[in-house]
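# compute the structure for the input listed below.
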Amino acid sequence: MSARLVDLSPGRAVWQVAWPMAALGVLRAGFHLTDSFFVGRLGPEALAALGGSAFGWWVIELACDLPAVGAHARLARHEGAGDRARIGETLAQGLWVGLGLAALLALAYPLRGLYFELLGFARGSSEHALGSEYLGAALLGASTLAASAVIGAAFRGLGQTRTALAITAFALVVNAALDPLLIWGIGPFPRLGVGGAAWATAIANAFAAGLALWLLSGRGVRLRVHRPVRGELTAIATIGLPVTASGIGFAICYVVLGRAITSFGSEQMGALGVGHRLEGLAYLVCLAFGVGAATMVGQHLGAGDPLRARESARAAARSASLIMVPVTVALFVLARPLFGLFTDDPATVDAGVLYLRIQVAVLVFMALEEVYLGAFAGAGDTLAASAITFFFTAARIPVAWWLAYDAGLGVAGVWLAIAASTAIKGALLWAWWRRGRWQPAVPERVATRAA
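Have a look, this model is predicted:
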């Protein structure tokens, strides 16, 4: 890159960070869509099991992303201040946090069956057994996801998102190649069924983490492995924890709603799983602009320029919102043929079309939510923003129950409650950012180093 990102205009800098992350987001959605494509060939029960596993997978992914959120903010500050010497050390501390969380996730392995019972799948059913296979493999393979997330945060903090895009493309190819081999047991590979999709993702993340470390070393950023430093671990966790807690609350909300969803037919859960993956294409584009906002807010604050930090967040929100307009139209019009790619079950297709068309109506608000969550993360001020998202996500439960049963809207009431909360969260986060309460968090909190 010929010029430092902080020397570019806010809009150009955000775009330079965000467009590779948008493409990266589409590729990340490709992991789930690839899994759905191959698992869907095992039958509607397997697809419903994968859809039910999505909420547990979110919890795993969010837990592994906790150190990445914190490391991203701190690495962007170091880059903005021109202090690259500290990047390798911060990266190592982020990995310690990630591996610790992965170990805790592995301890949840015996609870995977209880999770599916909470969703409303009967013990002994095909969906319960197949989903437990997938979720168990995901829990045991979480360490590679954590390592890949933290190391990828280094490229985001540096603003080198095109490299992160190339690494994700490589991982997607590995995942797509391994999926049929491990799901169906082709050649010398074991037949792992639905669980094979999770193992393919874990192995692909391991390859991605190794490649990322090698590329970082070529850019002069070397991992400085030493014992954990309490102050640095605390700083990383303090930034990432509110975001992760809010996201986990989001996933738990769906687990609680699972009984309502499955009460209208198991095809609703299969439709939700595929619908989330299609909607996820738009979500990950929004998330990309959230990364752009986080990177540039962090770098400008590191350089002591809060005005440019504010302008960067505004530019990211404007770009993401404009992109969501044609995406909304495309997903609404193409909902039925898109679902037809994953299943030939008419009930699942009809259920999925209803879900997707309701959700795409609020994609612009989803863009605002993700951009301003990123902006608050870049400022290191995540508590209030996470509280907003957590509260209105939790509010989906009573509202969905009322709309579905008391108001007599059925499963459409659940989908409407989800869409309404997305719109409210986006509007409130935009308004909270404009109040400027995040600016007192500007001074760098220098981590206390252990002797």
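# tell me the SS of residue 227?
coil (DSSP: H, G, I helix; E, B strand; the rest coil).
# mind pulling up the phi and psi values for it?
With angles defined as degrees, to the nearest 10, residue 227 sits at phi -60, psi 160.
# over to residue 159?
Note on residue 159: backbone dihedrals following degrees, to the nearest 10 are phi 80, psi 10.
# look up how far residue 368 lies from it.
Relative to residue 368, residue 159 is positioned 23 Å away (CB to CB, to the nearest Å). From N, CA and C alone the C-beta is placed, and that goes for glycine too.
# next one: residue 43
If you go by CB to CB, the gap between residue 43 and residue 368 works out to 39 Å.
# now residue 437
Applying CB to CB, one obtains 17 Å for the distance of residue 437 from residue 368.
# I figured residue 273 hits residue 47, correct?
Yes - the pair formed by residue 273 and residue 47 meets the contact definition of CB atoms under 8 Å, at 6.7 Å.
# between these two, what contacts are shared?
residue 36 (CB atoms under 8 Å, 6 or more residues apart in numbering).
# quick one, what contacts residue 206?
When contacts are taken as CB under 8 Å, 6+ apart, residue 206 is in contact with 144, 147-148.
# before we move on, which element is it in?
Residue 206 belongs to helix 194-218 when elements are defined using DSSP states H and E.
# now the helix or strand hosting residue 104 against helix 194-218, angle please.
Of the helices and strands defined by DSSP H and E, residue 104 is found in helix 87-106. Here the directions of helix 87-106 and helix 194-218 differ by 170 degrees (axes from the mean of the first three to the mean of the last three CA atoms, to 10 degrees).
# go through helix 87-106 and flag the buried ones.
87-99, 101-102, 105 (16 or more other CB atoms under 10 Å).
# how much space is there between residue 261 and residue 412?
Noted for residue 261: a distance of 11 Å to residue 412, by CB to CB.
# my bad, residue 177
With distances defined as CB to CB, the gap from residue 177 to residue 412 amounts to 39 Å.
# kindly report the same for residue 127.
Applying CB to CB to residue 127 and residue 412 gives a distance of 23 Å.
# who's in contact with residue 179?
If you count contacts by CB under 8 Å, 6+ apart, residue 179 has them with 34-35, 38, 196-197, 200.
# tell me which residues of stretch 261-274 are tucked away?
Of all the residues in stretch 261-274, those buried under the rule 16+ other CB under 10 Å are 261-262, 264, 266-274.
# likewise for stretch 359-376?
Judged by neighbour count using 16+ other CB under 10 Å, the buried positions of stretch 359-376 are 359-360, 362-376.
# for stretch 374-384, same thing?
For stretch 374-384, a neighbour-count test (16+ other CB under 10 Å) marks 374-383 as buried.
# now, the residues you listed that are in helices?
Judged by DSSP state H, the subset of these located in helices is 374-378, 383.
# can you pull the contacts of residue 266?
44-45, 48, 127.
# per-residue pLDDT, it?
You'll see residue 266 listed with a pLDDT of 74.
# same thing with residue 130?
If you check residue 130, the pLDDT there is 89.
# what's the neighbour count on it?
26 (other CB atoms under 10 Å).
# surely it is in contact with residue 196?
No - with contact defined as CB under 8 Å, residue 130 does not count as touching residue 196 (11.3 Å).
# the stretch 51-200 of the chain: helices as residue ranges?
In chain order, the stretch 51-200 of the chain shows helices spanning 87-106, 112-119, 126-140, 142-158, 161-184, 194-218, with DSSP state H, counting those that start in this stretch as the criterion.
# out of these, which is closest to residue 59?
Closest to residue 59 of the helices of the stretch 51-200 of the chain, according to CB to CB: helix 87-106, at 8.3 Å.
# what's the mean pLDDT across the closest one?
In this model, helix 87-106 has a mean pLDDT of 88.
# and for stretch 364-376?
Across stretch 364-376, the per-residue pLDDT values average to 94.
# got the contact list for it?
Residues outside stretch 364-376 that contact it (CB under 8 Å, 6+ apart): 243, 282-283, 286-287, 289-294, 297, 309, 312-313, 316-317, 320-321, 323-325, 328, 382, 384-386, 389, 422-427, 429-430, 432-433, 438.
# ok, now with 7 Å
243, 283, 286-287, 289-291, 293-294, 297, 313, 316-317, 320-321, 324, 382, 385, 389, 422-423, 425-427, 429-430, 433, 438 (CB atoms under 7 Å, 6 or more residues apart in numbering).
# likewise for stretch 185-199?
Judged by CB under 7 Å, 6+ apart, the contacts made with stretch 185-199 from elsewhere in the structure are 35, 38-39, 42, 46, 49-50, 130, 133-134, 136-138, 141, 179-184.
# sketch out the low-pLDDT regions of the chain for me.
Residue ranges of the chain with pLDDT under 70: 1-3, 24, 29, 83, 440-451.
# quick check: what element follows whichever helix or strand residue 307 is part of along the chain?
Counting by DSSP H and E, the element that carries residue 307 is helix 306-333. Going down the chain from helix 306-333, the next helix or strand is helix 335-340, by DSSP H and E.
# one step back: pick out the most distant pair among the buried residues of stretch 374-384.
By the measure CB to CB, 374 and 383 form the most distant pair in the buried residues of stretch 374-384, at 15.2 Å.
# quick one, what contacts residue 128?
In this structure, residue 128 makes contact with 113, 116, 121-122, judged by CB under 7 Å, 6+ apart.
# reformat the residues you listed as JSON lines; add neighbour count.
What follows is these, written out as JSON lines (neighbours: other CB atoms under 10 Å):
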{"residue": "113", "neighbour count": "16"}
{"residue": "116", "neighbour count": "25"}
{"residue": "121", "neighbour count": "26"}
{"residue": "122", "neighbour count": "11"}
